[in-house]
Structure formats: C-alpha cells, structure tokens
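Enquirer: what's the 3D shape of this:
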Amino acid sequence: MSMLAGQVDYVIGVDTHRDTNTAAVLTASGAVLAHQQCSTDAMGYRRVVAFADEHASGRRVWAIEGSGSFGSGLTTHLLERGEWVVEIDRPARPARRNGAKSDDLDAVRAAREALTRDHLAAPRARGDREAMRVMLAARQGAVVARTRPSVSSRR
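Expert: Next up, the predicted model:
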C-alpha cells in the first residue's frame, strides 16, 4: 500500500456521470464497506456527504474520477466543506462482456487506485480559471447574438 493508507482510515471512490455519482467507501486496507448512488445536484451532494459521514467518520479522502468535468460540482461542494479531494484519471475502459458496466465497480476502482498511487493529484483550481471560462463563454454568446441576422433583415 502507499503512504495514503497511513494517513487516512477511509477512501471514498466516486464514479461520476452527467446525471449520477456512485460512491464506494473503502477502508485504508482496501475492504469495501458500502456503495451509494446519488444525483448530481445539491441534494445529491448532501446525500453523498451524509453517506460518507455514516460509513467513514474518521480520517478520509475522496478519490473522484473526472473532478474537472462531470465531477466538478461534487468536487467544489467537498472542497467548500474542507474535505480532502484527489483527482483520479478515468481509465481507458476496455469493452466489457455483453456491454455490461458497473458504476459500483468503477467507484471501488477509483478508491483502490488512490490507495496504490505514490503521488496524488489535487483537483484543478476553480477560481481564476473558472472565471475566465465563464467570461469567454459569455463573450462567445454575445458575438454569436450580435452577428446573427436580425428578423427584419430576413424578410
């Protein structure tokens, strides 16, 4: 095991998607304790934190796949609460038998990957980068709206 096992009692792996997040609580030794799926909204984020509080009340770390994309809302929520969050890369997923996929297994894999890594990646900073992204998106929308032919000129 990595040095992470000596720093935490639990690892919460999260497999993120557009509409749902699936979390798995593991002990620092890698044993699976519980799973939960929740929505990707404020209520879902509160539910997953309550789930973690119930099953992982000690020292813990959150291992989140895609913390800059589908997992960005949950990551922001957790960082605002002062939780320790690390980013786990989405794996190149080979085709599974019969096209089956298990979010529970992917959440467990994310937690175990965090346990085996020597160097853990912190999620990207949200502040200035996020403000710049919002500003550029707003500017692009204004340019498109300004250059669109008006209704009166289409007659």
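Enquirer: could you use CA atoms for every contact and neighbour count after this?
Expert: OK.
Enquirer: can you mark which positions in stretch 61-69 are buried?
Expert: Under the neighbour-count criterion of 16 or more other Cα atoms under 10 Å, stretch 61-69 has Val61, Trp62, Ala63, Ile64, Glu65, Gly66, Ser67, Gly68 buried.
Enquirer: which single one of these is nearest to Val86?
Expert: Out of the buried residues of stretch 61-69, the one with the shortest distance to Val86 is Ala63. That distance is 5.1 Å, counting by Cα to Cα.
Enquirer: any idea how far the closest one lies from Thr76?
Expert: Between Ala63 and Thr76 the distance, using Cα to Cα, to the nearest Å, works out to 13 Å.
Enquirer: cool, and Arg109?
Expert: 22 Å.
Enquirer: where exactly do the helices run in this structure?
Expert: Using DSSP state H, the helices of the chain run over residues 4-7, 42-55, 72-80, 103-116, 127-147.
Enquirer: and those helices: which comes nearest Asp19?
Expert: Nearest to Asp19, of all these, is helix 42-55, at 10.1 Å by Cα to Cα.
Enquirer: tilt between the closest one and helix 72-80?
Expert: 50 degrees (axes from the mean of the first three to the mean of the last three Cα atoms, to 10 degrees).
Enquirer: only the buried residues of helix 42-55, if you could.
Expert: Taking 16+ other Cα under 10 Å as the basis for neighbour counts, the residues of helix 42-55 that come out buried are Gly44, Tyr45, Arg46, Arg47, Val48, Val49, Phe51, Ala52, His55.
Enquirer: identify the residue nearest Gln79 in space, chain neighbours excluded?
Expert: Careful, residue 79 is Leu and not Gln. Spatially, and ignoring its direct neighbours in sequence, Leu79 is nearest to Val85 (7.0 Å; Cα to Cα, 6 or more residues apart in numbering).
Enquirer: same check on Ala56?
Expert: Taking Cα to Cα, 6+ apart as the measure, Ala56 lies nearest to Tyr10, with 5.9 Å between them; neighbours along the chain are not counted.
Enquirer: ok, now Ser29?
Expert: With Cα to Cα, 6+ apart as the measure, Ala5 is the residue that lies nearest to Ser29, at 6.9 Å, once sequence neighbours are left out.
Enquirer: just confirm the one you found contacts Ala31, I think it does.
Expert: No: taking Cα atoms under 8 Å as the contact criterion, Ala5 and Ala31 are not neighbours in contact, 12.0 Å apart.
Enquirer: same drill for those two, tell me which one is more crowded.
Expert: Set side by side, Ala5 and Ala31 give different neighbour counts by other Cα atoms under 10 Å, the larger being at Ala5 (18 against 13).
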